[in-house]
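[1] The following comprises the amino acid sequence and a computationally predicted model.
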Amino acid sequence: MAKGLKKRLVVSAVNFTEGGPLTALRDCLSAANSSLSDDWEIIALVHDRRLFDIPPVKFIEFPRSKFSWSSRLYHEFWQFHALSLELKPEVWLSLHDISPRVKAARQVVYCHNPAPFYQPRLLDLWWEPRFLLFTLFYRYLYRFNIHANDLVVVQQDWIRQEFKRMFNVKNVLVAHPVLANQTLRKPNNFRKKPGVFLYPALPRVFKNFEVLCEAARVLWQRLGDVFEVRLTLLGDESKYAAYIKSHYADLPVIKFIGRQTAEQMVRHYQEADAVVFPSRLETWGLPISEAEEFGKPIMVADLPYAHESVGDYEQAVFFNPLDFQQLAAIMQAYLQGELKFKSHFQSPVSSPFAPNWEALIGRVVGETEQENVL
């Protein structure tokens with residue numbers, strides 16, 4: 001097919017530069033590249049093209065989009081409108097929550113930020129006062145122009161119900177952010193230290209680092225230096241991160257390793273004996289999927305999001321995210337070889353549903369069969 005006759009899929013994610021969102025963008029582009037036919041041209045709007053290595057995809061950089069929210073909104077509602085008139089895309093997929101003002105035959109928004117559903121504590125106001133304003137702001141951000149979309153995509157069924165209730169949208173599809181051919185990683189040859197518990201997360205107030213640190217304190221007082229807890233923060237990222245560092249830096253078993261590259265995270269996953277995930281709110285919780293990819297035991301908050309993310313898995317144990325004593329008991333039982341895992345099974349998600357990125361891409365471009373609209 002001649003180049004000029006190709007249909008265009010524009011994937012917009014100009015603010016994704018790190019962590020789970022960047023992984024999601026890379027997986028989305030890889031899935032689009034592998035699953036779409038040569039009839040399609042993929043154009044990605046990104047902050048920095050050097051973060052990607054997917055040769056067939058064309059990248060357009062927007063390095064100023066992260067300067068401020070006013071800059072971001074200018075891009076979403078003015079600059080992207082002009083760009084859509086120039087590119088004439090068949091499909092415009094906005095991967096980061098906002099429904100932009102664009103001209104396209106088909107428009108889709110992917111919503112992954114849990115902020116509007118967070119119930120803040122008083123301490124959160126001290127640690128991160130802007131986050132409370134952000135939770136309120138995001139409700140309006142989600143709402144604005146959302147009915148311009150042909151499809152709204154969320155990651156879990158509970159969020160779908162919230163979207164239908166809060167925004168009166170019916171065309172909401174649940175899509176799990178995993179690749180179709182995800183396979184278990186091979187065991188490594190690194191020398192493992194005894195009892196390495198890993199919690200990979202950015203230091204945001206809802207990540208609940210303190211429950212893991214308190215559990216570590218209890219366990220250290222009981223057992224001594226027979227384990228370590230690795231946290232991906234340094235203490236200078238935010239007031240909350242500084243609080244965690246200042247209150248738990250005296251514990252020799254807690255290692256503040258800071259942000260890690262993708263390659264470094266592979267090593268940490270390989271060295272870990274178990275992944276602990278106490279977050280109180282997620283739209284998915286990518287480290288849960290990554291832990292399963294490495295075949296690691298998971299100790300995870302007993303919350304609805306976590307049950308859906310864990311899915312069918314034989315090495316998961318759930319705990320009350322507010323009960324550090326319970327978590328300490330679980331960690332101790334694991335170290336002493338006494339922890340009993342129960343196979344976890346998750347009920348099938350109702351339609352419309354895409355179990356992985358490849359299936360979602362088919363639904364985004366409208367090439368797979370439409371299921372019943374809720």
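    Perfect, I can see it now.
[2] And Ala115, its phi and psi?
    Main-chain dihedrals, Ala115, degrees, to the nearest 10: phi -50, psi -40.
[3] Run through the residues that contact it.
    Residues in contact with Ala115 (Cβ atoms under 8 Å, 6 or more residues apart in numbering) are Phe131, Phe134, Thr135, Tyr138. No exception for glycine: its C-beta is placed from N, CA and C like everyone else's.
[4] ok, now which ones touch the third one?
    Contacts for Thr135 were tallied using Cβ under 8 Å, 6+ apart; they are Ala115, Pro116, Tyr118, Pro120.
[5] Thought Leu281 was touching the third one, still the case?
    Yes. Taking contact to mean Cβ atoms under 8 Å, the distance of 5.2 Å between Tyr118 and Leu281 places them in contact.
[6] Overlap of the contact sets of the two?
    Joint contacts of Tyr118 and Leu281 (Cβ under 8 Å, 6+ apart) are Phe206.
[7] Quickly name whichever of the contacts of Ala115 is closest to Val275.
    Relative to Val275, the closest of these is Phe131; by Cβ to Cβ it sits at 24.8 Å.
[8] Please look at that closest one and Val205 and confirm they touch.
    Yes. Using Cβ under 8 Å, Phe131 makes contact with Val205 at a distance of 6.0 Å.
[9] the helices in the stretch 1-150 of the chain, which residues?
    Secondary structure of the stretch 1-150 of the chain (DSSP state H, counting those that start in this stretch): helices at 19-35, 69-74, 80-87, 122-127, 129-143.
[10] Go through those and name the closest to Val109.
    Judged by Cβ to Cβ, the one of the helices of the stretch 1-150 of the chain that comes nearest to Val109 is helix 129-143, at 8.7 Å.
[11] What lies in contact with the helix or strand that that closest one is followed by?
    For helix 129-143, the following helix or strand on the C-terminal side (DSSP states H and E) is strand 151-154. Around strand 151-154, the neighbours that count as contacts under Cβ under 8 Å, 6+ apart are 106, 108-112, 146, 160, 163, 169, 171-175, 283, 354, 360, 363-364.
[12] how about the closest residue to His247 other than its chain neighbours, what does it touch?
    Of all residues not flanking His247 in the chain, Cys213 sits nearest, at 7.2 Å (Cβ to Cβ, 6 or more residues apart in numbering). By Cβ under 8 Å, 6+ apart, the residues touching Cys213 are Val229, Leu231, Ile244, His247, Tyr248, Leu251, Ile254.
[13] Could you give the average pLDDT over the helix or strand hosting Cys213?
    Per DSSP H and E, Cys213 falls inside helix 209-223. The pLDDT scores in helix 209-223 average 97.
[14] residues of that helix that come out buried?
    Neighbour-count burial for helix 209-223, counted by 16 or more other Cβ atoms under 10 Å, picks out 209-220, 223.
[15] Adding distance to Leu125, write the residues you listed out as CSV.
    As requested, those are exported to CSV (distance: Cβ to Cβ, whole Å):
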residue, distance to Leu125
Phe209, 17
Glu210, 16
Val211, 19
Leu212, 22
Cys213, 21
Glu214, 21
Ala215, 25
Ala216, 26
Arg217, 25
Val218, 27
Leu219, 30
Trp220, 30
Leu223, 36
